[in-house]
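Engineer: coords please:
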Amino acid sequence: MAESLTGPPGVNPVDDTIRCPICLEEVRNPKYLPCFHTFCETCIQTFISSTAARKDNETLKAIECPVCRKRIEATNNDITSEEWALALPQNKLIVSMSVDPKKEEHKVCMFCKRSDKSVIAKHWCKSCMESICDECKFIHSYVPSLQEHKILSLSDAQELKNDIEVDEPCSVHKGKLLEVYCTNHDKLCCSICFATEHRMCKQVQAIEDVAAGMNLGIVQTKLTLFKDLLESLENLQEEYKDKATALNSRKQEIVSSTEKKVEEIKLQIDKTHALWLKRFEQKHTDSIGNIEIASDEIKRFVTTVRNANTLLQTVQENGSAKQIFISNHKMGFQILEHLNRLWALDIWDFVRDYNQRDTDFLHQVYNEGRFQDASSSEVRSTALQKISTFASLLSDKTEVVRRREIMCRKDWMKVNFEKISEMDLPTMVYYGLFISDTKVIMSMESPPSLQAYDISDAVGKCVHTHSCQATPYGLCQSGDCMDKVYVSFEDYIDYYQVKVAENVTFIKLGTFHLKEPMLAISYGTAAASSATNSTRMICSSDFSVINHSSSYRKGGSRPFVSSSLRSDRHCFVRESEVVVVDQNNKEIFQSSVTRGSPRGLTFDLQDNILICLKNSKIQQIRDGGTESRVINLPGIGNSYNVVLHPTGEKMLMLDNYSKCCVYKVS
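Structural biologist: Presented below is the predicted three-dimensional model:
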């Protein structure tokens, strides 16, 4: 069973000492990896020597971070473990915070030690970050390059802890220090980073200026969140222990009951019983093993959070405003990056209980030649939901927004689309919508209904049908709430909450009665857009028309409109061209489509436009209409409408041949 989140015996989880995640002792000669996790130099050297390897399809040998498992590549294959560990950057902040005259390494002058002399140290140079003797202190006073160094007495413990200020090195450009902060990209930069990547950015400031205006209350809020998160994670570990105990107990009950029944049956079923027991043991081993793996991953995340909490708390108490700002930014990035790696793991479905409905083993052996296996019921762990809730509070962003920001970093004119699910539909469908990562709904005109489909498998299936009194047409969502859905019934719009759990449930929250009919609808950041077969409109949040209607000729059997998730833009198809307007109905640009008959369309996350060409392809037009590309879509014969997941991670394509496909965006 994985160790408890509280760590090994004797280690206080609330200890303010920065500990090495490998040896669990106070970190010595701290070295950190690109993911910012810090270790003793000897510990990480030993880890490198025992785990560094190169796979067949890789050019450089690499290790995985012992805490978050991020892949770290060596600079070259000939480097030794000692050289690799020595080349890792020293965590100067931890060194500066850990000065203690009682430690062996601080008792002697480090300058003299390099000359094979052992001289008692009496001072600490904050610039050199080393203990020195009286003579070496005197040398500092007449060497020009050393005269500005701040030297303190090792006997003054309080002064040593005050005014922590360490020049942070750039992780990309060796020898350069972090000097500015780019607000546009939320990135700390050195002079080379600024000159090569951020010279055109409009919001770049010196770190000292940003730090001076920082609200230090944010750090205290995060420390409170860290504390609450650690308590919640420790409770989760206890839950996992209880769950494993309950499963063990339930497993033993079933095994005992089965053995009693077997004793009443003839000896000829002993072999069958043994085979059944082997299968059940394997099922149980897999179930417990999955819990232990999840528990181990939570333990790793606890290490990240605990060390971030300790470091940030110490910096808050003793660091400068600049150091507080940098540490706050780095710790937030570290936690969110670790969370992303947790999301990518397929380990969060647990066995909740075992069941055995039929114990007539003699009948089973006679009819089936084997015992009926014990069944299991599964439940989704709440771990990621709890962690994500805290992470969203840390970053002031919802989960959908956070995942969308990650996808926004891609060059959308170069993304690929991989088919992950497809399904045949009972009739031609013009409008669809994602309501979760694994569920979509379709607007069925005949018979009038909203159908929910599970797309978690390669072949999707209908899991719920919600009957409607009138014919439903366009579908859209408001903001980042995937469970809040608007459905157009031409003369009115119903507002639903769609609950996705074991079953899909539609709960009507309200109705908007329309003064003008609407078929296609789409919700944007500042306004909504809608259209009928001959008119398009810009609307307010309650779908009241706020701009004069504009006549146009739609392409295809139904009208299509789309609103951007990042700007006030709206687009629609007008015969053989795509038109983009702002919320005042002012035309921004138009682009002709010459390779097919344009139908449904949508903005991607960079305001490029994806358009169905009524064949097996879609066309992507860059924002502004300066370039485009045509994309082949496997599984589609006649593309008719396209819908993007709110995070941008998936795309839904409706086919004119009563079919739809779901694609992963990469």
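Engineer: against Met518, how distant is Ser488?
Structural biologist: With distances taken as Cβ to Cβ, to the nearest Å, Ser488 is found 5 Å from Met518. (C-beta placed from N, C-alpha, C; glycine too.)
Engineer: thought Ile406 was touching Asn340?
Structural biologist: Yes: using Cβ atoms under 8 Å, Ile406 is in contact with Asn340, at 7.2 Å.
Engineer: tell me the contacts of Lys137?
Structural biologist: Lys137 makes contact with Lys122, His123, Ile151, according to Cβ atoms under 8 Å, 6 or more residues apart in numbering.
Engineer: quick one, which of the residues you listed are buried?
Structural biologist: Among the contacts of Lys137, those buried by neighbour count (16 or more other Cβ atoms under 10 Å) are Lys122, His123, Ile151.
Engineer: next one: phi and psi at the second one?
Structural biologist: What that stands for is His123. Recorded main-chain torsions at His123 are phi -140, psi 170, according to degrees, to the nearest 10.
Engineer: report pLDDT for it.
Structural biologist: pLDDT recorded at His123 is 85.
Engineer: ok, now which ones touch the most centrally placed residue in the chain?
Structural biologist: Nearest residue to the geometric centre of the chain (Cα atoms, centre = their mean): Asn340, 3.3 Å. Contacts for Asn340 (Cβ under 8 Å, 6+ apart) come out as Ile406.
Engineer: distance of it relative to Val305?
Structural biologist: Here the criterion is Cβ to Cβ. By it, Asn340 lies 15 Å from Val305.
Engineer: same check on Ala121?
Structural biologist: Noted for Ala121: a distance of 36 Å to Val305, by Cβ to Cβ.
Engineer: what does stretch 45-64 contact?
Structural biologist: The contact list for stretch 45-64, computed with Cβ under 8 Å, 6+ apart, reads 22, 39, 66, 70-77, 81-82, 84-85.
Engineer: state the mean pLDDT of it.
Structural biologist: In this model, stretch 45-64 has an average pLDDT of 87.
Engineer: ends of it, what's the gap?
Structural biologist: Distance across stretch 45-64, first residue to last, is 13 Å (Cα to Cα, to the nearest Å).
Engineer: got it, and stretch 336-354?
Structural biologist: 35 Å.
Engineer: how about the helices in the stretch 1-150 of the chain?
Structural biologist: Secondary structure of the stretch 1-150 of the chain by DSSP state H, counting those that start in this stretch: the helices cover 41-51, 81-87, 92-97, 110-113, 134-142.
Engineer: lowest-scoring secondary structure element of the protein by mean pLDDT?
Structural biologist: Within the chain, no helix or strand scores below helix 157-161, which has a mean of 63 by mean pLDDT, DSSP states H and E.
Engineer: following it, which helix or strand shows up next?
Structural biologist: For helix 157-161, the following helix or strand on the C-terminal side (DSSP states H and E) is strand 180-182.
Engineer: how far off centre is that next one?
Structural biologist: The chain centroid and the centroid of strand 180-182 are separated by 24 Å under Cα atoms, centre = their mean, to the nearest Å.
Engineer: tell me what it is packed against?
Structural biologist: The contact analysis (3 or more Cβ pairs under 8 Å, 6 or more residues apart in numbering; DSSP states H and E) places strand 180-182 against strand 187-189, helix 191-197, strand 204-206, helix 207-212.
Engineer: contacts for the first one, please.
Structural biologist: For strand 187-189, the external contacting residues (Cβ under 8 Å, 6+ apart) are 168, 170, 178-182, 193, 197-198, 204, 207, 326, 329.
Engineer: emit the PyMOL select command for whichever of those residues are buried.
Structural biologist: A single PyMOL command selects the buried members of these (16+ other Cβ under 10 Å):
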select buried, resi 168+170+178+179+180+181+182+193+198+204+207+326+329
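Engineer: could you identify the least confident member of the contacts of strand 187-189?
Structural biologist: Out of the contacts of strand 187-189, that is Glu168, at 79.
Engineer: leaving out chain neighbours, which residue sits closest to that one?
Structural biologist: Among residues not flanking Glu168 along the chain, Leu178 sits closest, at 4.5 Å (Cβ to Cβ, 6 or more residues apart in numbering).
Engineer: quick one: the one you found and Phe194 touch, right?
Structural biologist: No: contact criterion Cβ under 8 Å: Leu178 and Phe194 do not qualify, at 10.3 Å.
Engineer: spatially nearest residue to Ser616, not counting backbone neighbours?
Structural biologist: Leaving aside its chain neighbours, Ser616 sits nearest to Ile636 (5.2 Å; criterion: Cβ to Cβ, 6+ apart).
Engineer: name the SS class of the one you found, please.
Structural biologist: Under DSSP: H, G, I helix; E, B strand; the rest coil, the three-state class of Ile636 is coil.
Engineer: how's the protein carved up into domains?
Structural biologist: Partitioning the chain according to automatic domain parsing yields domains covering residues 30-159, 217-396, 431-665.
Engineer: to Trp412, which of these lies closest?
Structural biologist: Of all the domains of the chain, it is domain 431-665 that lies closest to Trp412, at 4.6 Å by Cβ to Cβ.
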